[in-house]
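[1] Just a sequence and a predicted model for now, questions to come.
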Amino acid sequence: MIDVVMPQMGESIVEGTLTKWLKKPGEHVDRDEPLFEISTDKVDTEIPSPSAGVLKEVLVEEGKTVAISTIVGRIEEGAGNGASTPAAAKAAPLPPPPAPAPPPAAKAPEPLRVPEPVASSAGPYPIPVPEPQPPLPVQPEGAGPLSPLVRKMAREYGIDLNQVKGSGSGGRITKQDLDGYMSAQGARTMAQVAAPPSAPAAQPAVYVPPAPPAPQAPMPRAEAPRARVEPMSVMRARIAEHMIRSKHTSAHVTTVHKTDMTRIAKMRERYKGEFQQRYGYSLTYLPFVIAATVEAIHQFPILNASIEGNNIIYHNEINIGIAVALENGLIVPVIRNADEKNVVGLQRAIVDLSTRARSRQLKPEEVQSGTFSITNFGSFGSVFATPVINQPQVAILGLGTVEKVPVVVDDAIGIRSIAYLALTFDHRLIDGALADQFTGKIKSILENWSEEIL
């Protein structure tokens, strides 16, 4: 048996979450074939099988977080591929199926019972007789005109309007008069019911309207659930923890600079076909922004620093993290020594890291040791935003979408390609004036770009 263990995915990583088994117990697996997926606070990736054979045991269920070097499963070497095993050869034969039970004797059908007709003078079946309708109310003399509502109530409850005294104008009978009359008659009727049986009736019988039927409880019906609850993925939980820690660690301030990207936009348009044909991928705005940021960091190295207690740590390397949106989260792979690459090399690194990030093939060291981060939210159409600092860094630059807008150029209206640069910085270390000078330097480099990339 070969033990399958939770691997070490970086010096600072002490545990991982087994998110999915790619093989089931009893299935054959080849050496280096993806066996299961794990998620850490740095990266999500697939773990290959250490040996060829059959997955015999799964010791850690999906969704469980365990320490590194924990045994998560076992593989039996050399088994599988459909070969029979000695245990299978010695298996006892299956017992013969039991004999089918004889069918039960058929019961004689019972004769149909037809209900006997009810005798009546009109024939063998009764004929429903319509109930007599109450007579229409008679207009009492000297009572004034009756409203339709009064007429309807008198007709429905069989009230003799001559017994009702009207209180309206000119002796007109109102609804309130009818309500009072019926209340008084109902009280007399109740008194007669409560009297002993031998007591003579004090008043002639009056019509009492039948009580309305008791409302029936509505039948319960199944309602669609109003919410769906599911636990956060490991990556989403780590992002939430990281963002909350950042907001409660750094004093976040954002400054926004409008930048004219027309020169770069025209150069991209001129070279995009040749660039795609030569390198196999398109040329975006992001490598230009990274190159300008690296140049500005050389002039303002404090933007490439971090804080540790009361100490400022100035990093000698410029490692630019680029935010990559995934289907279920966000990850920030790092371009190491970004100041040593030109625009073509930066574009190649961007394509490589983002592609492998989305296919879950990043290595742990490729998401560590970043010193400054850039997020391109403009790729989704956003004009500008206020990004959150990626700890322990002290600043992050956001690039908005590049769009053509009318602007004033030399006292004339012109169409220019404009983008917004949003720098979020840690005010504990960086003052607003310094942040604006840094962003202004990036803006100046981009607006006056002169380097030809091909």
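    In hand now; what should we look at?

[2] longest single strand anywhere in this protein?
    For the chain, the longest strand by residue count, based on DSSP state E, is strand 412-426.

[3] What sits closest to K165 if chain neighbours are left out?
    Of all residues not flanking K165 in the chain, D177 sits nearest, at 6.8 Å (C-beta to C-beta, 6 or more residues apart in numbering). All C-beta spots, glycine's among them, are computed from the backbone N, C-alpha and C.

[4] hey, which helix or strand in this structure has the poorest pLDDT?
    Using mean pLDDT, DSSP states H and E, helix 86-89 stands out as the lowest-scoring helix or strand of the chain, at a mean of 41.

[5] Which pLDDT value does the model give Q361?
    Per-residue pLDDT puts Q361 at 85.

[6] That one and D44 touch, don't they?
    No - between Q361 and D44 there is no contact under C-beta atoms under 8 Å: 9.8 Å.

[7] Look at those two and report which has more neighbours.
    A count of neighbours by other C-beta atoms under 10 Å puts D44 above the other of Q361 and D44, at 23 against 13.

[8] How much space separates the residue nearest to K165 from V14?
    Distance of D177 to V14, given as C-beta to C-beta, to the nearest Å: 89 Å.

[9] Those two: which has the busier surroundings?
    Between D177 and V14, counting by other C-beta under 10 Å, D177 is the more crowded of the two (18 against 12).

[10] Now do the more buried one, the pLDDT please.
    D177 carries a pLDDT value of 81.

[11] Repeat that for the one 10 residues further on.
    For A187, the model assigns a pLDDT of 51.

[12] same thing with the one 4 residues further on?
    pLDDT, A191: 46.

[13] Kindly report the same for T249.
    Reported pLDDT for T249: 93.

[14] shift numbering so it begins at 17
    I'll keep to 17 as the first residue from here, and by that count the last item is T265.

[15] number of nearby residues for Y295?
    With other C-beta under 10 Å as criterion, Y295 counts 14.

[16] quick one, helices of the protein?
    102-105, 164-173, 191-210, 250-263, 278-295, 302-315, 359-374, 448-463 (DSSP state H).

[17] looking at those helices, which is buried most?
    helix 302-315 (a mean of 21; mean count of other C-beta atoms under 10 Å).

[18] Tell me, please, where in the stretch 367-470 of the chain the pLDDT is lower than the cut-off.
    470 (pLDDT under 70).

[19] Ignore what I typed, I meant the chain.
    Residue ranges of the chain with pLDDT under 70: 25-29, 57-58, 95-161, 185, 202-240, 470.

[20] ok, now which ones touch L51?
    Contact analysis of L51 by C-beta atoms under 8 Å, 6 or more residues apart in numbering lists V20, W37, L38, K39, V45, E62, I63, P64, S65, L71, G89.

[21] PyMOL command for the buried members of those residues?
    Selecting the buried subset of those in PyMOL, with 16 or more other C-beta atoms under 10 Å as the burial test, is done by:
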select buried, resi 20+37+38+39+45+63+65+71+89
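
[22] Considering the contacts of L51, which is situated nearest to E356?
    E356 lies nearest to E62 out of the contacts of L51, by C-beta to C-beta, at 30.8 Å.

[23] and that closest one, what does it touch?
    Each residue near E62 by C-beta under 8 Å, 6+ apart is listed here: L38, P50, L51, F52, E53, R376, Q377.

[24] Now with 7 Å, please.
    Residues near E62 by C-beta atoms under 7 Å, 6 or more residues apart in numbering: P50, E53, R376.

[25] Would you mind measuring from I461 to K72?
    60 Å.

[26] try Q407
    According to C-beta to C-beta, Q407 stands 43 Å off from K72.

[27] Break the protein down into its structural domains.
    Domains of the chain are assigned by automatic domain parsing as 18-96, 267-463.

[28] okay, which residue is most central for this protein?
    Centroid check for the chain by C-alpha atoms, centre = their mean gives R244 as the closest residue, at 9.1 Å.

[29] Would you confirm that P66 contacts P23?
    No - if you go by C-beta atoms under 7 Å, P66 and P23 don't touch, sitting 9.5 Å apart.

[30] Tell me which residues of stretch 331-347 come out buried.
    In stretch 331-347, counting by 16+ other C-beta under 10 Å, buried: H331, I334, N335, I336, G337, I338, A339, V340, A341, G345, I347.

[31] Stretch 418-425 now?
    V418.

[32] which other residues reach it?
    Stretch 418-425 has contacts (C-beta under 7 Å, 6+ apart) with M277, A281, Y301, G394, I429, G430, I431, R432, S433, I434, A435.

[33] now do stretch 426-437
    Here stretch 426-437 makes contact (C-beta under 7 Å, 6+ apart) with 272-278, 281, 394, 399-400, 413, 415-423, 425, 455, 458-459.

[34] Restricted to strands, list those residues.
    272-276, 413, 415, 419-423, 425.

[35] what about the nearest residue to I390 once chain neighbours are set aside, how many residues close to it?
    Among residues not flanking I390 along the chain, L413 sits closest, at 4.9 Å (C-beta to C-beta, 6+ apart). When neighbours are counted by other C-beta under 10 Å, L413 registers 25.

[36] didn't L413 look like it was pressed against T309?
    Yes - at 6.0 Å, L413 counts as touching T309 under the criterion of C-beta under 7 Å.

[37] Find residues that contact each of these two.
    I390.

[38] any idea how far G186 is from Y330?
    For G186, the distance to Y330 - C-beta to C-beta - is 102 Å.

[39] Kindly report the same for G187.
    From G187 to Y330 the distance is 104 Å (C-beta to C-beta).

[40] Looking at these two, which has the bigger crowd around it?
    Ranked by neighbour count (other C-beta under 10 Å), G187 and Y330 place G187 first, with 13 against 10.

[41] and the closest residue in space to S322 that isn't next to it in sequence, how many neighbours?
    With sequence-adjacent residues excluded and distances taken as C-beta to C-beta, 6+ apart, S322 is closest to P408, at 4.3 Å. P408 is flanked by 16 other residues according to other C-beta under 10 Å.

[42] ok, P408 to A253 distance?
    20 Å.

[43] and what of G186?
    82 Å.

[44] for E290, same thing?
    For E290, the distance to A253 - C-beta to C-beta - is 45 Å.

[45] Count the residues that sit near the nearest residue to N344 once chain neighbours are set aside.
    What sits nearest to N344 in space, not counting adjacent residues and going by C-beta to C-beta, 6+ apart, is S249, at 5.7 Å. By the measure other C-beta under 10 Å, the count of residues near S249 is 16.
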